[in-house]
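Participant: After the sequence you'll find the predicted model.
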Amino acid sequence: MDTPPTDSPAAPDGVSPDVFERELAAEQAHVDLVYARLAEATRSARQVANQGRALYQSDRQTVVREEDGTGLFERDVFAFQAARRLATLDAEHEGLVFGRLDRTDDEIRYVGRIGVRDADYEPLVIDWRAPAAEPFYRATPANPMEVVRRRVLRCRGVRVVGIEDDLIDSEAADDDLVVIGDGALLAALSRARGHTMRDIVATIQAEQDEAIRAPYQGVTLITGGPGTGKTVVALHRAAYLLYSNRRRFESGGVLVVGPSRLFMNYIERVLPSLGEEAVTLRSVGSVASDVVDLTGERHDSAEVERIKGGLAMVDVLARLVARPPTGSPTELRLLVKGEPITLRAEQLSRIRREVLAHNRVNTGRAAAETALLTALWRAKPADVDLDREAFDDLVTDLAAYKMFCHAWWPHLSPTDALARLADPATAAELTAGLLDPADAALLAQSLREADLARGGEPSVADGALLDELADRLGPLPEVEEEAPLFLEDGRQVEEVVTTLDRMAPIREADPFADPYTTYAHVLVDEAQDISPMQWRMLRRRGQRASWTIVGDLAQSSWPDPEEARRAIEQTIGSAPRREFRMSTNYRSPAEVFTLASQVVTAVYPTADLPTAVRSTGIDPLLRVAPAPDRLAEEVLAATREVLGQVEGTVGVIAAPDRARGLSELLADELDGEDATRATVVLPLQAKGLEYDAVVVVDPDEIVATSPGGVRVLYVALTRPTQRLVTVDANPGAAWRRSLGSPATG
Ligand SMILES: Nc1ncnc2c1ncn2[C@@H]1O[C@H](COP(=O)(O)OP(=O)(O)OP(=O)(O)O)[C@@H](O)[C@H]1O
């Protein structure tokens, strides 16, 4: 928490300084009481915990009943959690107590990030997720819900620095009720942005609150245009679900999936600021990192992503898994007691088919061997005089048999399996009738370039293919490493390894266990960009889960947004669903959003356009470079100019081929504070992010190089919270044709 500044906050217009001071002091007194109570509870909890620990330590020789110890720890566990949560609040996030309701029955209720009670168990603050806090978000003059005045407190650390009121029920208000400010929402929206997303817990709007508090069962769809708070609402929903069904979701787990690592970094502070850490955050490229080694940040070309993301790959991979490895033996020939026994290719193929009908590759080796032995037994010449048991023993001891099994039915990692498709002939054979031959060639080429077999980095789209393969192949037996004879602790040998230790690494993984982690709730953001193959990967993680799916088709980077819609529909299937549409754009100023909507509706007339809540009076600036080869110079000038105009962050959004050069230029030319405030991002990386000012570089190039074309440009144009500047390479830029009354610059 930051140190309180010494100066006093100024009274807002229309409120006398005395009145403002008095109100601030009253609120400060309550906030002080809450912090004092929390400090006291934390102290006592620590004491109890220490006592408990001492008891366990001193009583090692005697029997301590488990429940005695647990009881001690549990008693004030709340205070511990509260202290831990407090530590996560920083200057970016406003204080622990942020709201107050004055009710018609004269009760005063404070609302905060967590609930705190006094020594008599009376609430000092109500957790924002509790039903009693609902009127804080839902009360309106039309439906006051017994609220007279809603007050939002703005705190810096432990200090109250601002007050914003809404008079909800003027008839029920006493004459001397003070009402301060123009409303907390607009104040919050015009504040400068930092590098991470802020929570909105103090200013959640009624339509957002409905989506946040919707029941957990089934599928909750949250749709809406850019800047309508879909992401932030979804994250608050995750916190709400954990609060209202803690046992279910804390033990079952909640998975939040977003478009990129940059985006995950951007949102990662929101949940801790709301007091929740028991959530797994993953970019869509790294969802499969629980089964294969990947970081998932490299994107294939749009064309290759389309091929790898399509459902035809399910059958391609099924064929890949069923096919014997290239170069594996096509016949089994053994000499048993001097007599040759042979199994031919058709017999071997039949055995493989039958075994794979009931087993996965990596767990089916034993079944395959049983079937082989039976076939060999049947093929045995009559004059080999052995009973079945002796026959099996003899055969399984033969080096030729062992080598055959190893080559014919090797254990396969998903990466090695996928790498086989890098061979154009294999790719052509396995995709016949499923993919266009040109697409098959592109697929093979992309995998050749990735060189997965030699440790190359899988792409984002490969992640879903590897996951599919991991599911089909089953877990690899963990036999790679020989167990060490001694366990070493840095320098010296500590202890002789027991037989059990030595056995542990060579025990096979449970063949029936799922190789992936599953969750009780899966929340998918930017769902319009999830490919059908990626949906399959996500579904595996939430087979019995409830879902929150968040998206906006107009921002889809798929060439065909309808395909994205169908993929979402297929995922939901017949599960019960509820849908919430967010209708207000809280991010973009009206001037910016008007321009962005003209651009998107020109090609996507059914785009869901929200209403921008704020106007800055500043039109977007459309700049043109003096000559196409002076574009970078113009971008630098534009960036410098906006850095001087806004307080917070500046995003420079450019097509991939241009971004690297610009990034180097800005790093060379900008220094100090400016260098950290301005960042160059690719259009796809900009998904879900926002900046105070945005410079969109060569919009035509963004359209030409993005699979979603104009829809991706729309994403770029809707990122600023204050100012938008575009920089064209030449005056006749095509994208400007869709603008109603062209602005100039
Ligand atoms: N009730 C609110 N109070 C204050 N700020 C809000 C509120 N709702 C949304 N915002 C702000 O609006 C901005 C946009 O929110 P968010 O990124 O969640 O929108 P989105 O719908 O996911 O956008 P996009 O689809 O463009 O990525 C954020 O800065 C968020 O903090």
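Facilitator: Perfect, thanks for sending it.
Participant: who touches Leu713 in this structure?
Facilitator: Val599, Pro683, Val696, Pro699, Ile702, Val703, Ser706, Trp735 (CB atoms under 8 Å, 6 or more residues apart in numbering). Glycine gets a C-beta too; all of them are placed from N, C-alpha and C.
Participant: Among those residues, which lie within strands?
Facilitator: Secondary-structure check on those using DSSP state E: residues within strands are Val696.
Participant: If you count neighbours, what's buried in stretch 28-41?
Facilitator: Across stretch 28-41, burial judged by 16 or more other CB atoms under 10 Å covers Gln28, His30, Val31, Leu33, Val34, Tyr35, Arg37, Leu38, Ala41.
Participant: quick one: which of those residues is nearest the ligand?
Facilitator: Sorting those by how near they are to the ligand, with CB to the nearest ligand atom, puts Val31 at the top with 21.2 Å.
Participant: Now that closest one. Nearest residue, chain neighbours left out?
Facilitator: For Val31, the nearest residue in space outside its immediate sequence neighbours is Val97; the separation is 5.2 Å by CB to CB, 6 or more residues apart in numbering.
Participant: what's the answer for Leu398, then?
Facilitator: When the adjacent residues along the chain are set aside, Leu398 lies closest to Leu334, with 6.1 Å between them (CB to CB, 6+ apart).
Participant: so how far is the ligand from that neighbour?
Facilitator: 64 Å (CB to the nearest ligand atom, to the nearest Å).
Participant: SS state for the closest residue to the ligand within the stretch 1-150 of the chain?
Facilitator: In the stretch 1-150 of the chain, the residue found nearest to the ligand is Tyr137; the distance is 9.0 Å by CB to the nearest ligand atom. At Tyr137 the chain is in helix, as set by DSSP: H, G, I helix; E, B strand; the rest coil.
Participant: My read is that it contacts Ile204, right?
Facilitator: Yes. A contact is recorded between Tyr137 and Ile204 when judged using CB atoms under 8 Å, the distance being 4.9 Å.
Participant: ok, the residue of the stretch 1-150 of the chain closest to the ligand - contacts?
Facilitator: If you count contacts by CB under 8 Å, 6+ apart, Tyr137 has them with Ile204, Gln205, Ala206, Gln208, Asp209.
Participant: how about a cut-off of 7 Å?
Facilitator: Tyr137 sits next to Ile204, Ala206, Asp209 when contact means CB atoms under 7 Å, 6 or more residues apart in numbering.
Participant: could you measure Thr517 against Ser286, distance?
Facilitator: Note on Thr517: its distance to Ser286, by CB to CB, to the nearest Å, is 13 Å.
Participant: who's more crowded, those two?
Facilitator: Between Thr517 and Ser286, Ser286 has the larger neighbour count (other CB atoms under 10 Å), namely 19 against 14.
Participant: Now the more buried one: closest residue in space, sequence neighbours ignored.
Facilitator: In this structure, Ser286 finds its nearest non-sequential neighbour in Gly296, 4.1 Å apart by CB to CB, 6+ apart.
Participant: before we move on, what about Gly252?
Facilitator: Counting by CB to CB, 6+ apart, Gly252 lies nearest to Ala520, which is 2.5 Å off, once chain neighbours are set aside.
Participant: Backbone dihedrals for the one you found, please?
Facilitator: Backbone dihedrals for Ala520, given as degrees, to the nearest 10, come out at phi -90, psi -20.
Participant: Would you agree it is in contact with Arg247?
Facilitator: No. Counting by CB atoms under 7 Å, Arg247 is not a contact partner of Ala520; they are 10.1 Å apart.
Participant: Which one of those two is surrounded by more residues?
Facilitator: In this comparison of Ala520 against Arg247, neighbours counted by other CB under 10 Å, the higher total goes to Ala520 at 19 against 7.
Participant: pLDDT wise, what is that one at?
Facilitator: Predicted confidence (pLDDT) for Ala520: 95.
Participant: How about the contacts made by it?
Facilitator: Under the criterion of CB under 7 Å, 6+ apart, the contact list for Ala520 reads Arg248, Phe249, Gly252, Gly253, Val254, Ala545.
Participant: now do 8 Å
Facilitator: Counting by CB under 8 Å, 6+ apart, Ala520 touches Arg248, Phe249, Ser251, Gly252, Gly253, Val254, Arg544, Ala545, Ser546.
Participant: Show me just the buried residues among those.
Facilitator: By neighbour count, with 16+ other CB under 10 Å, these hold Arg248, Phe249, Gly252, Gly253, Val254, Ala545, Ser546 as buried.
Participant: What is the neighbour count of the closest residue to Asp514 other than its chain neighbours?
Facilitator: Closest residue to Asp514 apart from its sequence neighbours, by CB to CB, 6+ apart: Arg540 at 7.3 Å. In terms of burial, Arg540 registers 20 neighbours under the definition other CB under 10 Å.
Participant: Okay, and Arg540 sits in which element?
Facilitator: Using DSSP states H and E, the secondary-structure element containing Arg540 is helix 532-541.
Participant: where's the dip in pLDDT among the contacts of Leu713?
Facilitator: The member of those with the lowest pLDDT is Ser706, at 85.
Participant: how close does it sit to Leu684?
Facilitator: Distance, Ser706 to Leu684, using CB to CB: 7 Å.
Participant: Likewise for Thr616?
Facilitator: With distances defined as CB to CB, the gap from Thr616 to Leu684 amounts to 27 Å.
Participant: Looking at these two, which is more packed in?
Facilitator: Using other CB under 10 Å as the criterion, Thr616 and Leu684 rank with Leu684 on top: 22 against 15.
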